[in-house]
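Trainee: Quick one, structure for this:
(4 chains, ligands or ions: 4)
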Amino acid sequence: MSATGKPTVSILAALNKALVDACTEDEKVIALGEDLADPEGGGIVGVTRGLSTKFGDDRIRSTPIAEQAIIGAAIGASLIGYKPVAEIMLMNFTTVAMDMIVNHAAKLRFMSGGQTNVPIVIRTMTGLGFGSGGQHCDYLEAWFAHTAGIKVVAASTPEDAYGLLRSAIDDPDPVLMIENLPTYFAPMSHELPDSSHRVPLGKAAVQRKGTDVTLVSYARTAVEARIAAEKVAAEGISVEVIDLRTIAPWDRETVLASAQKTGRVVIAHEAVKRHGIGAEIAAVINEDLFGALKKPVKRLGGAFAPVPYSKPLEDAFAPNAARIADALIEIVK
Amino acid sequence: MSATGKPTVSILAALNKALVDACTEDEKVIALGEDLADPEGGGIVGVTRGLSTKFGDDRIRSTPIAEQAIIGAAIGASLIGYKPVAEIMLMNFTTVAMDMIVNHAAKLRFMSGGQTNVPIVIRTMTGLGFGSGGQHCDYLEAWFAHTAGIKVVAASTPEDAYGLLRSAIDDPDPVLMIENLPTYFAPMSHELPDSSHRVPLGKAAVQRKGTDVTLVSYARTAVEARIAAEKVAAEGISVEVIDLRTIAPWDRETVLASAQKTGRVVIAHEAVKRHGIGAEIAAVINEDLFGALKKPVKRLGGAFAPVPYSKPLEDAFAPNAARIADALIEIVK
Amino acid sequence: MTTNDYVPDASTLLEIYKRVVLLHANDERCRKVITSGKIAMAYYSYRGQEIIPAALSVSLREDDYLCTIYRGIHDMLAKGFPLNELWAELAGRKTGSCKGKGGPMHLTYPAKGIMVTTGVVGSAAPIANGLGWGIQIDKSDRVAVATFGDGASNIGAVHEAMNLASVWKLPVIFLCQNNLFSEHSTYEKMTGGERIADRAAGYGMAGVRVNGNDPVAMYSVAAEAIARARAGEGPTLIEAMTFRFMGHNFGDPGEYIPKDMMAKALANDPVPAFRAKILSDGIATEAELAVIEADVDDQISAAIEFALASPWPELDDLRHDVFAQEIEA
Amino acid sequence: MTTNDYVPDASTLLEIYKRVVLLHANDERCRKVITSGKIAMAYYSYRGQEIIPAALSVSLREDDYLCTIYRGIHDMLAKGFPLNELWAELAGRKTGSCKGKGGPMHLTYPAKGIMVTTGVVGSAAPIANGLGWGIQIDKSDRVAVATFGDGASNIGAVHEAMNLASVWKLPVIFLCQNNLFSEHSTYEKMTGGERIADRAAGYGMAGVRVNGNDPVAMYSVAAEAIARARAGEGPTLIEAMTFRFMGHNFGDPGEYIPKDMMAKALANDPVPAFRAKILSDGIATEAELAVIEADVDDQISAAIEFALASPWPELDDLRHDVFAQEIEA
Ligand SMILES: Cc1ncc(C[n+]2csc(CCOP(=O)(O)OP(=O)(O)O)c2C)c(N)n1
Ligand SMILES: Cc1ncc(C[n+]2csc(CCOP(=O)(O)OP(=O)(O)O)c2C)c(N)n1
Ligand SMILES: [Mg+2]
Ligand SMILES: [Mg+2]
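Mentor: Ligands and ions are numbered 1, 2, ... in the order given. Sure, this is the predicted structure:
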């Protein structure tokens, strides 16, 4: 982990350390999910590897394939002082647990008049790129952002992955953490974050300062956004790159300040464009900066179709660095 | 059913006739849901009353409380030529069937490359007003509008209820029909629609012509919108009232033409405002009519909270005629 | 009916009866108050099912947990839900246990272990498992009870919950109150298999069907299941046979209920039968029961007064309890 | 193992073996082609489970229906999925059965009754019920088969589906291929109860556990269940015991599988055992089998060539098959 030379730290490693540190510092932190414990491989990609060995089978448990039971168990334990981190292997499988997540986890604090609260974290993985087709890589964050009582976060760097997960575990209310499968593994940083590191929920990161156009994104698309910004910089376009990090509630202050400054906004996400997160952000920017923008807010998102299997179609489905760059060039024209 | 005197026809009666007519004209139309058949009362509010007696227990079936099984059975039958109309008693209970609706009903046509299709209708009921609290009256249409492969409709008149349901049953793809509980019963029309009546999917209704401001809504809120428009007309404000009828895909042409004409737009729905349907519509209007609007698009929607039980809180939760009228007055100021 | 070592003594039976009196009287009042127009609410009467939670709850402690459903006020009163906070919540007042935000379908009172009331069929069961998991980590002998209806036995959440409870050996009691109807549907028509209790075997879990209207039988079966859970020997599925006299919800005329079935049920109303047994067994005198019953009526009257005299929530309350942090206006 | 009147004759056994040869060879080729880099795909090998669908499918007709899962290419080949359309789909080509849009986890071929392949655990079962409902309305004697794994038996959708199938007496066969693992989890650890088949009793449904690797036993149990469904006598849950040799998916080293367990399984590889039986029973000669096997290899080679020579979809295809109407660009 030397600060010089090639990066060695991946998002996966950061997430794993966040879980280890959280379990070490607070014995009330527990975890459950399919194949999550070490006898079952410590998670299918290894995010939770080592936890059950270190913290025991009582606290760290693999479950049957039963997402309603998984979220239900997390909710119940959280009602009596535990801080469960539940894994739903892939985001598409949140569809079988929506009642537990939306009707219960998100609402119990309110419906009980604040007598109870549900400090759970739901980690789930998704993302295009592996030809897994229509039922394995949807981004569904817009559903949860529309749901009062649950927060949604996603990271595009190891530091943010660590800091967001720690803050999500600290948070007294349910937080959904969306992890991107294709960007788990690439080394991006030199140091694993220190155990005191936190990323405040609701605070976006300005990952690159710029003056011509504001580029808002999150999750894997933020990685593509940084590449795109670098690319168009060569053509003299100065892009301010904002990674929301917290998708709901998103950081209006930071986004609006940047939009005010640049007068041009591009919003990009992997989720289907129609009725996606970009819609709310664009609507708010237009309400708030009416008449102050140089160009209409431009939204990039997934095609209005299920995710296709065939490689060329999958590649065409969502915004990538090249398509984001084109949008940036077009909007400053 | 005389054309003079007081209205006698309710949305509920129109829906019931639509189902009777559809079953009569096409023996492939079948229906299932909890307490849906006559031995179980013909539906808890009676929308399906008489169907099982008239068309038999093979075609019209009550089910156990098992929403995944309900939607699954509808999907399966639709794959071999039937046109099932499945009822999910309340919209909040779609949360237990999201996998069947989103991962399967909406995607099978695409994932099979068009070899199969899923001509089902899912009828579901919701709406504020009966103090049923946090788990019984959510409007979740934004989730489905964000999902490629399923259409969403809602009516605010008996004619539209009939015409939309018939068109939904005719449609070769899945359609979610959202019915509003509080407005089922009030007589609104004089005649039950004739069996040839259809409302094309994707086509909004301009329910009142106006020049000062465009008011976009749907479902129960469209009823409130008409009252609000009437109210402010007295103050000399001319409102163009648009009922989307089809929420997804919504009628861009009609909405944009009206917005272009009036230069002012108010969008109102009962669903939570944040990341609601209004966001996408506002975003599109702003992209399309950039610089052409006199005022920023105004969105009204449900509070960012679960639906509260207590009457004064429930009354305050969502836009009603009075609050819509205030918004209309403010935007034309 | 199964027999075991758990036989209620006279004082236990009297305690069960006292709870039955409270449950029975409170149900009657709820229906009266709605009819009178004083309080408007969605109400799911448990009339006919009073014995079940009364006979169960005498083996529970305050620190045991309960997850119940919209038809669960009997379960909660038996577990100790205080009348003032109950009635104020039913009336939607700020002094209600949930500040008027939850209402009759989401009554909650953690101080007595009443953790969740759900309006979604089946959803109490998976959450009770989590309480059981916490109990297991705590190495405590508390137990969690999830109660639900016969109709709920056919939904996925209950299946997932029972399998997980079995493989994790959780201290959870799954109490299915089989009142023979789910809304307007009969148990026989909607449920595959002879008995819901038989499904327990498929999970490797203890399962028993009992006459839930028989206080002695219900007590013994519940006490055994609770003892099993406290001993760390895992979950039990109890199918308590009963009947609901008042239809699905207030205003349901219940035409779908066969006349003879209803007549037979009413003839076997468990509450007067239990009262008669208390007298005939010499557990209490008519005079003593009259005092108990009058006393309960006074408590309920006082609670209703308290509720109706209480303030409504303020609109600002909509921005609180969504998250720990308040929502900006 | 249960016995019944359904005993496969020599020609039936040979037909079963022919299908096994196809399934076995196709799996080997899939893994070869992935290793060679010619096709990149998520692949869930069914190696070791070939006997089950082969012995089942000989009692099925073309107009019977199948709903299967990501690990279901064996089920589909046995049901008659054509090799060209299969391989072109795996290769993501426009000539694939799903025009390249579905891929290995969503293979579909209605012409042979292959209606749904799902990647979601448990979700094939509720849809198969709908096929059964349609068959019932048609008053036909077709049947629908839903197949899934041991892990799927613990998810809600399968429970809801089995109860509905039982109360509606649907012509559905629920085929649980119990390969002892769900991803990296063992069957024993995740499943309450001795046998999954025992759960059928809780639904009032016929249920049987069988050695799925024994072609005679598997044939007889499947034939009986299919006959029951055709006769309108309702659904059956078959738990077919088997093992998956290649881990969960391609690339899974399977370290979590106990060495001795794997060794024992490999020693009992059902395919060579069945081949030996065919020979020893004099059902076919070595030479005849060699021809069958060579012939299958040629067909697969031709299909792979066809696939790799086929065109990719055009980007415009993204706008088609979302709805009947195309999506505007
Ligand atoms: C998932 C879900 N589906 C449907 C409903 C509507 N509903 C409310 S109560 C009820 C009947 C439940 O019957 P049962 O489980 O026997 O409990 P009981 O009401 O008889 O106590 C139904 C269908 C619901 N609340 N949740
Ligand atoms: C609802 C759901 N949860 C989790 C997964 C991830 N997953 C894919 S396969 C699998 C294991 C399934 O095991 P089993 O049912 O035994 O079938 P097998 O793979 O052994 O054939 C899991 C957990 C999924 N696809 N769907
Ligand atoms: Mg019941
Ligand atoms: Mg398996």
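Trainee: drop to CA atoms for contacts and neighbour counts, all remaining ones
Mentor: Noted.
Trainee: for chain B, what are the nearby residues on chain C?
Mentor: Counting by Cα under 8 Å from any Cα of the partner chain, chain C comes close to chain B at C:41-42, C:91-93, C:100-103, C:105, C:119-121, C:151-152, C:154-156, C:183-185, C:190-191, C:256, C:312-315, C:317-319, C:322, C:327.
Trainee: ok, and of these, which contact chain D?
Mentor: Counting by Cα under 8 Å from any Cα, the members of those near chain D are C:154-156, C:190-191.
Trainee: what's the farthest-apart pair in the residues you listed?
Mentor: With Cα to Cα as the measure, no two of these lie farther apart than C:Gly156 and C:Met190, at 14.3 Å.
Trainee: Comparing those two, which residue is more hemmed in?
Mentor: C:Gly156 (30 against 24; other Cα atoms under 10 Å in any protein chain shown).
Trainee: thinking again about what came up before, could I get the ones next to chain D among the residues of chain C next to chain B in a markdown table, plus columns for secondary structure and pLDDT?
Mentor: Shown next, in a markdown table, are these (DSSP: H, G, I helix; E, B strand; the rest coil; pLDDT from 0 to 100):
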| residue | secondary structure | pLDDT |
| --- | --- | --- |
| C:Asn154 | helix | 98 |
| C:Ile155 | coil | 98 |
| C:Gly156 | helix | 98 |
| C:Met190 | helix | 98 |
| C:Thr191 | coil | 98 |
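Trainee: Of those, which is the nearest to A:Pro249?
Mentor: Of those, the one sitting nearest to A:Pro249 (Cα to Cα) turns out to be C:Gly156, at 31.8 Å.
Trainee: How many neighbouring residues does C:Leu266 have?
Mentor: 14.
Trainee: Look up which helix or strand it falls in, please.
Mentor: helix C:259-267 (DSSP states H and E).
Trainee: Can you name the next helix or strand after that helix?
Mentor: helix C:270-280.
Trainee: List the buried residues of that following helix.
Mentor: C:270-271, C:274-275, C:278 (16 or more other Cα atoms under 10 Å in any protein chain shown).
Trainee: Which ChimeraX command selects the buried ones in the residues of chain C next to chain B?
Mentor: Those of these that count as buried under 16+ other Cα under 10 Å are selected in ChimeraX with:
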select /C:41,42,91,92,93,100,101,102,103,105,119,120,121,151,152,154,155,156,183,184,185,190,191,256,312,313,317,318,319,322,327
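Trainee: out of the residues of chain C next to chain B, who's near ligand 1?
Mentor: Checking the residues of chain C next to chain B against ligand 1 by Cα under 6 Å from any ligand atom, the ones in range are C:119-121, C:151-152, C:183.
Trainee: Narrow these to those in helices?
Mentor: Members of those lying in helices (criterion: DSSP state H): none.
Trainee: any chance of those in a markdown table, plus pLDDT and distance to D:Glu305?
Mentor: Formatted as a markdown table, those follow (pLDDT from 0 to 100; distance: Cα to Cα, whole Å):
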| residue | pLDDT | distance to D:Glu305 |
| --- | --- | --- |
| C:Gly119 | 98 | 57 |
| C:Val120 | 98 | 54 |
| C:Val121 | 98 | 53 |
| C:Gly151 | 98 | 54 |
| C:Ala152 | 98 | 53 |
| C:Glu183 | 97 | 59 |
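Trainee: Which other helices and strands does the host helix or strand of C:Ala290 contact?
Mentor: Element membership for C:Ala290 (DSSP H and E) is helix C:286-309. Applying 3 or more Cα pairs under 8 Å, 6 or more residues apart in numbering or on different chains; DSSP states H and E, we find helix C:286-309 packed against helix C:10-36, helix C:83-90.
Trainee: of the ones next to ligand 1 among the residues of chain C next to chain B, closest to chain A?
Mentor: Closest approach to chain A among those (Cα to the nearest Cα): C:Val120, at 8.2 Å.
Trainee: wait, doesn't that closest one sit right on B:Thr94?
Mentor: No: using Cα atoms under 8 Å, C:Val120 is not in contact with B:Thr94; the gap is 11.0 Å.
Trainee: OK, contacts around the closest residue to ligand 2 within chain A?
Mentor: As assessed by Cα to the nearest ligand atom, ligand 2 sits closest to A:Phe93 within chain A, at 5.0 Å. By Cα atoms under 8 Å, 6 or more residues apart in numbering or on different chains, A:Phe93 lies in contact with A:67, B:99, D:120.
Trainee: how close does it get to ligand 4?
Mentor: Using Cα to the ion, to the nearest Å, A:Phe93 is found at 18 Å from ligand 4.
Trainee: quick one: that residue and ligand 3, what's the gap?
Mentor: 30 Å.
Trainee: So which of the buried residues of helix C:270-280 is the closest to C:Arg199?
Mentor: The shortest approach to C:Arg199 among those belongs to C:Pro270, at 26.9 Å (Cα to Cα).
Trainee: pLDDT at that closest one, what is it?
Mentor: Per-residue pLDDT puts C:Pro270 at 98.
Trainee: That one contacts C:Asp214, doesn't it?
Mentor: Yes: counting by Cα under 8 Å, C:Pro270 touches C:Asp214, with 7.3 Å between them.
Trainee: Between the two, which contacts overlap?
Mentor: C:Ile51.
Trainee: Skipping adjacent residues, who's closest to the residue of the stretch 1-150 of chain C found nearest chain D in space?
Mentor: At 10.9 Å from chain D, C:Gly122 is the closest residue in the stretch 1-150 of chain C, using Cα to the nearest Cα. Distances taken as Cα to Cα, 6 or more residues apart in numbering or on different chains place C:Ala152 nearest to C:Gly122, at 5.0 Å, with adjacent residues excluded.
Trainee: Likewise for C:Ala125?
Mentor: Distances taken as Cα to Cα, 6+ apart put C:Ala146 closest to C:Ala125, at 5.2 Å, once the chain neighbours are dropped.
Trainee: Kindly report the residues of the stretch 151-300 of chain C close to chain A.
Mentor: Counting by Cα under 8 Å from any Cα, the residues of the stretch 151-300 of chain C near chain A are C:157, C:160-161, C:164.
Trainee: Out of these, give me the one that has the most neighbours.
Mentor: C:Ala157 (33 neighbours).
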